[in-house]
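[1] Here is my input, please return the structure:
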Amino acid sequence: MKFEVVSRDRASAARAGRLTTDHGVVETPIFMPVGTVGSVKGVYHRDLREDIGAQIILGNTYHLYLRPGLEILRRAGGLHAFTAWDRPILTDSGGFQVFSLTQIRKITAEGCTFQSHIDGSRHTFTPENNVDTQRIIGADIMMALDECCPGDADHAYAAKSLKLTQGWLERFARRFDETAPLYGYEQVFFPIVQGCIYPDLRKAAAEHAVRMDRAGYAIGGLAVGEPTEKMYEMLEVLHPLLPADKPRYLMGVGTPANLLEAIDRGVDMFDCVMPTRNGRNGMIFTWQGKINLRNRKWEDDFSPLDPEGTSFVDRTYTRAYLRHLFVSGEMLAAQIASEHNLAFYLELVRQARAHILAGDFHAWKESVTPQLENRL
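    From the prediction side, this is the model:
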């Protein structure tokens, strides 16, 4: 994998880059739609490619490990072949999903044991078998197994958690280096920088991860309950510590404003379920702000979903029609809203890249962020 920074903003840490993988080129900053079980909920691959403009999507190791399972994925030739997606894929290690199973998991230095949310069966992830699992899934970019520390953890807990994550990272790296891709194309992995909201822990985590000298670095354990200002503070702490010539991936973030603020602080890659999850529940994002289409005020609004939008759904459907679909319980409502929101997020990062290339990103970000946070 190759990453090059092609332009930097004059007034911030924002940068435009190009990430080259065996499955294609990704222009950064980029938002990656979440395809947890091998699908982006309710969205055809055709629309992901042609209307939304997705360059890379995510799969989740925890969910894919449980269903369809490793034997099916191996026999299919990996997740790309299984899902007929020929562009890059990134897989999370499943650490966050295990973290969320608070009542049905146990974490030790060896690994994490958990119960399946599907049938209650017991399983264990270790750094070693997590590498093996992600080799079978076959993502272009793999994430190291980590413990996701709660955003409100005290310093002692966060330090203990980070020590565990660092030990797992060293074992993950050894196993990765001992093994090879299964399907004839390159795989890389990103260490995950943890440390909660504590600058000293984030600094130690970054220094340890950088010593691994890997293709890129993920920033985890943010947007998990801490104040937004703390997230931005941690990004500012990490900016001078992470290599300037490697991509930076902020995991699980976030709102449109979060994306722009993180780009301003040097982040290149993002993912979040918010566009599709909120869309399924009737909320759409627009350049004027957020809209809850279940509200009666949109009943006779025959304007486009987003007058400034450029996607097929923006050119085709009105707010009144989409509201009608939601209140009627039509599944098409969730599909249209999900496609609109993903197209909006991808257009947001395309606009961000264009302004970085023009050298005026920071000023543009300052002008558009307030309206993105409006509730219409």
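[2] Just say helix, strand or coil for the closest residue to residue 199 other than its chain neighbours.
    Nearest residue to residue 199, sequence neighbours excluded (CB to CB, 6 or more residues apart in numbering): residue 237, at 4.9 Å. C-betas here are computed from N, CA, C, even on glycine. For residue 237, the assignment made with DSSP: H, G, I helix; E, B strand; the rest coil gives helix.
[3] how deep is residue 237 tucked in, by neighbour count?
    Counted by other CB atoms under 10 Å, the residues lying close to residue 237 total 19.
[4] Repeat that for residue 213.
    With other CB under 10 Å as criterion, residue 213 counts 10.
[5] who touches it in this structure?
    Going by CB atoms under 8 Å, 6 or more residues apart in numbering, residue 213 touches no other residue.
[6] What separation is there between it and residue 52?
    34 Å (CB to CB, to the nearest Å).
[7] Neighbours of residue 319, how many?
    So residue 319, with other CB under 10 Å, has 22 neighbours.
[8] Tell me who's in contact with it.
    If you count contacts by CB under 8 Å, 6+ apart, then residue 319 has 291, 293, 298, 301-305 around it.
[9] now with 6 Å?
    298, 301 (CB atoms under 6 Å, 6 or more residues apart in numbering).
[10] Now tell me what touches the lowest-mean-pLDDT helix or strand in the chain from outside.
    Taking mean pLDDT, DSSP states H and E as the measure, the helix or strand of the chain with the lowest value is helix 95-100, at a mean of 74. Contact with helix 95-100 is made by 62, 105, 112, 114, 145-146, 148, as judged by CB under 6 Å, 6+ apart.
[11] Helices - which of those land there?
    Among the contacts of helix 95-100, the members falling in helices (DSSP state H) are residue 62.
[12] Could you tell me which of the contacts of helix 95-100 are located in strands?
    Among the contacts of helix 95-100, DSSP state E puts 105, 112, 114 in strands.
[13] nearest to residue 188, of the residues you listed?
    residue 112 (23.3 Å; CB to CB).
[14] so what's that closest one bridging to?
    residue 107, residue 125 (DSSP bridges).
[15] ok, how many other residues are close to it?
    Quick note: residue 112 (other CB under 10 Å) scores 22 neighbours.
[16] Okay, residue 348 and residue 29: tell me how far apart.
    9 Å.
[17] who's more crowded, the two?
    Of the pair residue 348 and residue 29, residue 29 is the one with more neighbours under other CB under 10 Å, namely 27 against 22.
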